[in-house]
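Novice: next one to model:
(one chain, ligands or ions: 1)
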Amino acid sequence: MTLLDVRGLTVTYADGAAAVRGVDLSLEAGGTLGIAGESGCGKSTLALALLRLLPPGTRVGGAVLLDGEDVLSMKWGRVRAVRWAGASIVFQGAMHSLNPMRRVGDQIAEPILLHRRAGPAGARRRTGELLEQVGLPAARAAAYPHELSGGQRQRVMIAMALACDPRLIVADEPTTALDVMIQAQILRLIGQLVADQDVGLVMISHDLAVLADTCDRLAVMYAGRVVEEGPAGQVYAAARHPYAQALSAAFPRIGDPASRFAPRGLPGDPPDPAALPPGCVFRPRCPVALDICAVQDPPLRDTGDDRSAACVRITTRVTTPTAATDSDTARDTARETDRETAADTPGDEAPAPAPAPGRSEEARRDTP
Ligand SMILES: Nc1ncnc2c1ncn2[C@@H]1O[C@H](COP(=O)(O)OP(=O)(O)OP(=O)(O)O)[C@@H](O)[C@H]1O
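Specialist: Below you'll find the model as predicted:
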């Protein structure tokens, strides 16, 4: 059963930054989906949009169906009911997310009381259970955030996220601020909890290896779009989109000593989301770009093998671009592939439509 179905999601900030541009994603109940991409590609914006946490003035379009119900068109009372109980979020910096003036136990108990899951005594009991579930002694409920280590604070955030038994947890770079040992512990904990409790997980990270380890499926974002999606192990081991390939090559691989010493970076920067180039937005950095890429912004296309990619060179017959482009052979292959693509997908020549203007967060709030 589909737990989360994101359809044509667009997010444009008040300053005109098109941070998310027509994202389609879905997650089965109890499934795990990783979202990867370099800084600024729109991962956090996407996470915030899932729970209607974007700042006022932001325009949002499309649909976010959680158990079939569109979060984006819900009344605010319903949104409040869905947060924590339907879906909850774990942010990257626990120190900034927790109130430094309140004991962590009181902060974990708050959503339990707010959603009337228990009275004060029951909420205290449940808080102790949750702390133990995330590997902390129940007595740590009395601690203030500054009395805990970074890893312990992140465990508290996870306990809070679990407090009302949500169907979905969105974890936005949950281990970024932690050292590698604690990172591994927290990732193990998240993996174990979602498996034991049948909770769906959307995990955001710039680190493909972490996501490949934790998630069933993996989506790679570039400049506000998903450019590749599929089974996590396959996308990580054999990415097809040139950007996903570059992102994958940027990390050293365990078991591949050569890559430890020569992780490859990708020259250039992502485009300014307020002034995107025409055609495929990855073209200025793409090592295998074709002339057609200057005018065509390819949509995410199913390649017929449980994977999808947004590149004119990747056809339903699955022709993966190779990094070597200078040789005539590669150019010829590319032209050949280009012809195949055009033949396979008539009508794709038209540039993708501009992001739907969407409705502003205020307009949504004002919806009776
Ligand atoms: N409140 C805001 N107002 C205007 N633009 C914003 C706002 N928040 C983010 N952006 C812009 O939207 C784009 C996407 O940002 P976002 O934080 O979603 O990316 P990200 O992939 O999560 O990056 P990181 O990994 O660094 O957190 C960036 O260009 C960013 O500058």
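Novice: what pairs with residue 9 across the strands?
Specialist: residue 23 (DSSP bridges).
Novice: quick check: pLDDT value at it.
Specialist: Looking at residue 9, its pLDDT reads 98.
Novice: can you report how many residues lie near it?
Specialist: The number of residues packed near residue 9 is 27, by other CB atoms under 10 Å. C-betas here are computed from N, CA, C, even on glycine.
Novice: ok, it to residue 224 distance?
Specialist: Using CB to CB, to the nearest Å, we find residue 9 at a distance of 10 Å from residue 224.
Novice: any shared contact partners between these two?
Specialist: Both residue 9 and residue 224 are in contact with 20, 23, where contact means CB atoms under 8 Å, 6 or more residues apart in numbering.
Novice: please identify the helix or strand for the nearest residue to residue 24 once chain neighbours are set aside.
Specialist: Using CB to CB, 6 or more residues apart in numbering and skipping residues adjacent in sequence, the residue nearest residue 24 is residue 7, 5.7 Å away. In this structure, residue 7 sits in strand 2-12 according to DSSP states H and E.
Novice: so who does the closest residue to residue 213 other than its chain neighbours touch?
Specialist: Closest residue in space to residue 213, ignoring its immediate chain neighbours: residue 187 at 7.0 Å, by CB to CB, 6+ apart. Neighbour list for residue 187: 174, 175, 210, 213, 214 [criterion: CB under 8 Å, 6+ apart].
Novice: so for residue 101, what's the nearest residue that isn't a sequence neighbour?
Specialist: Excluding its sequence neighbours, the residue lying closest to residue 101 (CB to CB, 6+ apart) is residue 144, at 7.7 Å.
Novice: give me the number of residues near that neighbour?
Specialist: Close neighbours of residue 144, defined as other CB under 10 Å, add up to 15.
Novice: what about it, distance to residue 104?
Specialist: With distances taken as CB to CB, residue 144 is found 7 Å from residue 104.
Novice: for residue 201, give its distance to residue 215.
Specialist: 7 Å.
Novice: next SSE downstream of the helix or strand where residue 221 lies?
Specialist: Per DSSP H and E, residue 221 falls inside strand 217-222. For strand 217-222, the following helix or strand on the C-terminal side (DSSP H and E) is strand 225-231.
Novice: what packs against that following strand?
Specialist: Secondary-structure packing of strand 225-231 (3 or more CB pairs under 8 Å, 6 or more residues apart in numbering; DSSP states H and E): strand 18-28, strand 217-222, helix 242-249, strand 308-309.
Novice: around the ligand, pick out the residues from the stretch 251-368 of the chain.
Specialist: Within the stretch 251-368 of the chain, the residues that sit near the ligand (CB under 6 Å from any ligand atom) are residue 273.
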